[in-house]
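Enquirer: sequence and predicted structure are below.
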Amino acid sequence: MPSFHWNKIRRTLAAGVIGGLAAVSAGAAMAEDYPTRPITMVVGFPPGGSTDVVARILAGHMATTLGQPVLVENRPGAGGTVGISHVAASAPDGYTLGVSGVGASILIDALGRDSGYDIDNDLDVIGVMGTLGLVIVGRNGLESQTLPELMEYAKANPEALTYGSSGVGTPGHLAMEYLKSLAGVDMLHIPYKGNTPLLNDVVGGHVDIAMLTTPGAAEHVRAENIQPFAVSSPDRSSLMPDVPTVIEGGFEGYTATLWNLLVAPKGTPADVQAKLSDALNEAMKDIRVVGEFATKGLAPTITSPAEATQFLADERTKWKSVIKTAGVTKK
Amino acid sequence: MFENILLGFATAFTPENLAYCFLGVFLGTFIGVLPGLGSLAAISMLLPLTFYLEPTTALIMLGGIYYGGEYGGSIASILLNLPGTPSAAVTCLDGNPMAKQGRAGVALFITAIASFIGGSVGIVALMGFGPSIARLGLGFSPADYFALMLLGLVAAVTVGGGSVIKGLIMVVLGLLFGTIGTDVTTGDFRYTFDFLELRDGVSLVGMAMGLFGVSEVISSIRGSKTRTITEKVTARSMIPTRADIRKTFGPIARGSSIGGFLGALPGAGTVIAAFMAYATEVRLAKDKTRFGNGAIEGVAAPESANNAAAQTAFIPTLTIGIPGSATMSIMLGALMIHGISPGPLLISDHPTVFWGLIASFWIGNVFLLVLNIPLIGLWVRVLQFPYKYIYPVVIALICIGVFSMRTSVFDVSLVVIFGALGYLFQKTGYSPAPLILGFVLGPMLEENLRRAMLMARGDPVRMVSDPLTGSLLAISALMLVWAVLGGIRNIVAVRSKAKSVPLGEG
């Protein structure tokens, strides 16, 4: 069967053309007066989504520090990889940045699917753009009230409980597989196409439990449409302080969070990276940004490019082992 | 209840909110008219602008764009056979033949009235029964969704008029196109041929624009010499006859109810609503051959349905915080950016947002009516423009519109492919409408069936034994039997006619 490597061809072509242009203009655009024109921040998801909201909050503050507009551009598709592959193929001049989540940075690659880029070789990591916790919720009417009870029930009745996820290989799916392997239980996975139909079926009582983002679940928990069992972050969530962590439920070492990385095309000058990193960390310290993060269940993070790269490596080790244990690798 | 409605109107009637409501429906109509540019693209582009507005005002404007676009989508469908939005593809079927018969004005007039009534029915449902309808929607399990989608598919075989076999072929082709993308149950890529862009499937807008828009342009270029310039537009030619009005009562009532119900179900949406309303009218008609040849019911039913669905789509979105479509997710995003958490408690926590928005819907629908009845004369004059000016503009707009959906050049090339395919279909007498429906329903059908089977632990009897699922499936089976019997009766009738005609003429 003939295989098309359109993305690779296109990327090579684009890199060639842009590389040539960059070589010509390199003398003109020195890093010290960077930035001299608006910066584009590419988000691989549609506007209004959680990644987009994070990007817009931070871009707004970074623009004031950098003295140039930071424009959020939505290039949605294929779990965020369409946007990031665009960034990977852009000129490494600091004017095209990307917001890369867990899926686009690790999971898609770790699941053995071609994302159209290699994050280590095609992108530089500038910093972590905050983390977001997940919460294990159950439909109303489940007998178990706490996470240990729930896991005990699951252990005694293999595959009796169904759990929904927003898709195969999404963080919600893998985080649940991670818990399954830690607790030694078996539950039936019901994949959905995105968060919305999943939420609908948990609230409607068609699926037993699910791992949702804390801001996505908070209002439904408050209205008692669903019951919370535990949050996946290392600490309790600002949105639901009464809900214990999975660790408190007796599963030592369990954490699963969503995050975004600010990335730039590989070869972005070090001083440009430093300026971007400073602007990002500056935003993370801003009182208004911190406040907005708290209302959205996000935890701010302050990282240097090196720390962020290490963070990516650690997360990759963890998720790769989860994927291996759960046996969800494709091909 | 009445205090709430009063509160809503008090909120919506501030000069600022009225102005943004008008701006929203005006922009929406305009964007809807332009082929390819849908309300989703428009709302995505305008969302950042609303960060500087009050949340209620922002939603009023975005909402206006949404239902205004649903209305505007029908205008180009009727005049030029170019659906402005995918759901308006149904309106092409009878709207454009009406225009070719010199009844464009009447078609547009009926569209305006049907849209207004459909929209109003949707708003009443939203006001009066919002939360209970939302609860009903929540009760639909994957098995119920599967049964409902199957019913839609069975009903659709008749859409497009003419040969049932040709209709079936196109539905199946649509289902096949729907399999392209990521398999939801296993996460595998199907028929993506290593194209990153195909992992999310074929773009619906690209497909609709290619099959309807581009193919129409190609065939018009070939046949441009034979085209007659439409006669002068008089006020009289726009007013429907009494017979027209009488014929549309039933279709508008049925279309509004079907649209209102389907719109409230998350995921079903305006496209399915329009198709189902049309299919219902074809089923109920005594003389089915009128459909596809300028039947006024074929315009009134889908237009009232898609506008009712556009309004009731807000029911799950606002009352339980579960958005039914991509556009609705963006609307919720607009709320979140303003620090309002959408969810089941929105109505009690932020009554002014909820009731103000709903009141603005009705004001917006009145605006649409007042704005568009006088504009009909203007729109009809578009037909008097030489095609050589219209079509380059149309092609450019389609490209811009499709590109803007996902900023993807790939999708623009898909439009070219579907354009060529659409032209081929037109030449060979296959209607692309059932293909679009198959394409929309197929993935939902498959996804829900597989999910339902997973939940039933692989036992089909357990799945079917649910009362709702079972009865929906039974209705589908009955409709199939009815269709087959009707088909046999038709064949017999045609044969006996064929026997008698030569004798009479002989």
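Expert: All right, it came through fine.

Enquirer: show me what stretch A:226-243 is in contact with.
Expert: Applying C-beta atoms under 8 Å, 6 or more residues apart in numbering or on different chains, the external contacts of stretch A:226-243 come out as A:131, A:133-140, A:142, A:144-147, A:150, A:175, A:202-203, A:209, A:211, A:214-215, A:217-218, A:220-221, A:244-249, A:254-257, A:294, A:297, A:299. Yep, even glycine has a C-beta here, placed from its N, CA and C like the rest.

Enquirer: intersect the residues you listed with the contacts of chain B.
Expert: By C-beta under 8 Å from any C-beta of the partner chain, the members of the contacts of stretch A:226-243 lying near chain B are A:203, A:215, A:218, A:220.

Enquirer: in helices only, show me the contacts of stretch A:226-243.
Expert: If you go by DSSP state H, the contacts of stretch A:226-243 have A:147, A:150, A:175, A:202-203, A:214-215, A:217-218, A:220-221, A:294 in helices.

Enquirer: from the residues you listed, which single one is nearest A:L111?
Expert: A:A175 (14.4 Å; C-beta to C-beta).

Enquirer: residue contacts, the residue lying closest to the closest one once chain neighbours are set aside?
Expert: Spatial nearest neighbour of A:A175, chain neighbours left out: A:A256 (3.7 Å); criterion: C-beta to C-beta, 6 or more residues apart in numbering or on different chains. Applying C-beta under 8 Å, 6+ apart to A:A256 gives the contacts A:134, A:171, A:174-175, A:178, A:211, A:232-233.

Enquirer: quickly note the distance from A:A256 to B:T179.
Expert: Distance, A:A256 to B:T179, by C-beta to C-beta, to the nearest Å: 32 Å.

Enquirer: assign whichever residue of the stretch 151-300 of chain B sits closest to chain A to helix, strand or coil.
Expert: Among all residues of the stretch 151-300 of chain B, B:G187 sits closest to chain A, at 3.0 Å; criterion: C-beta to the nearest C-beta. Counting by DSSP: H, G, I helix; E, B strand; the rest coil, the backbone at B:G187 sits in coil.

Enquirer: now it, nearest residue through space, not along the chain?
Expert: Nearest one to B:G187, counting by C-beta to C-beta, 6+ apart, is A:V168 at 3.0 Å.

Enquirer: surely that neighbour and B:T186 touch.
Expert: Yes. The criterion here is C-beta atoms under 8 Å, and A:V168 meets it with B:T186 at 6.2 Å.

Enquirer: who's more crowded, the two?
Expert: A:V168 (19 against 14; other C-beta atoms under 10 Å in any protein chain shown).

Enquirer: so who does the more buried one touch?
Expert: Contacts of A:V168 by C-beta under 8 Å, 6+ apart are A:191, A:328, B:184-187.

Enquirer: assign it to helix, strand or coil.
Expert: Assigned by three-state DSSP, the conformation of A:V168 is coil.

Enquirer: and for A:S115?
Expert: coil.

Enquirer: is A:W259 within a helix or a strand, and which one?
Expert: A:W259 belongs to strand A:257-265 when assigned by DSSP states H and E.
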